[in-house]
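K.L.:
Here's a sequence, model it:
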Amino acid sequence: MSGFGSGATLVNEILWISSLIVFGPSTRVYTYSGYCYNPPQPTVRPGLTEMCFFGKDTAGATGAMGVLTYNIVEDEKHVFGYMAIMFSVPYNYNHYQNFFALGIFEKDKECDESLYKHMYYDAKGRFCRSKSVGSEIRYTEKLERFKVRETMSPMGKSVMKVDRKMGLL
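P.N.:
Numbers count the residues shown, from 1 in each chain. Have a look, this model is predicted:
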């Protein structure tokens, strides 16, 4: 992660192990604070790992905070919904901590400030949220067809990993 300077940096790694459902070609990113240095790949194919990088804004004392979404498709024609990944890596650890969330939403929900704030502030919804202490969160879609898990390190240069596997997680 050299070249990103000091302050908050987030590496988001997505590992997809599935033969039935793939991420669709409509990746969206909203940054509440910070900048997307290396955007997510448009599609994450089964068995592959993709990475994207977010970092602090060079203009001031801000962290890397936002949300990214992937369409989830069962085949090339049917969009199942989309997976949203919320992240918050603050610049100042005296007042804030790393947070992350993961959920499955309806396909018409926008990837914007409203979604970021919903996943950051609201206690209820179609997602799981946690302080980042190196622990894992798991989310199961209501029909239990789709199960994902996510981990995020508690460091300033944080690494977040998301995966979906067939069967039990």
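
K.L.:
what ranges do the helices span in this protein?
P.N.:
Assigned by DSSP state H, the chain shows helices spanning 113-121.

K.L.:
low-confidence ranges in it?
P.N.:
Applying pLDDT under 70 to the chain flags the ranges 1-26, 46, 74-77, 141-146, 164-169.

K.L.:
Kindly recompute the last result at 80.
P.N.:
In the predicted model, the chain carries pLDDT under 80 at residues 1-27, 41-51, 56-62, 72-81, 93, 107-108, 133-151, 153-169.

K.L.:
Can you tell me the centre-most residue of it?
P.N.:
In the chain, the C-alpha nearest the mean C-alpha coordinate belongs to I85, at 2.5 Å (C-alpha atoms, centre = their mean).

K.L.:
so who does it touch?
P.N.:
Neighbouring residues of I85 by C-beta atoms under 8 Å, 6 or more residues apart in numbering: N12, V67, L68, T69, F100, A101, L102, E150, M160, V162. C-betas here are computed from N, CA, C, even on glycine.

K.L.:
Try it again at 7 Å.
P.N.:
I85 sits next to N12, V67, L68, L102, E150, V162 when contact means C-beta atoms under 7 Å, 6 or more residues apart in numbering.

K.L.:
and which of the residues you listed is nearest to P40?
P.N.:
L68 (5.8 Å; C-beta to C-beta).

K.L.:
measure the closest one to C111 for me?
P.N.:
L68 sits 7 Å away from C111, going by C-beta to C-beta, to the nearest Å.

K.L.:
Comparing the two, which residue is more hemmed in?
P.N.:
L68 (23 against 20; other C-beta atoms under 10 Å).

K.L.:
from what I can see the more buried one touches P40, true?
P.N.:
Yes - applying C-beta atoms under 7 Å, one finds L68 in contact with P40, separated by 5.8 Å.
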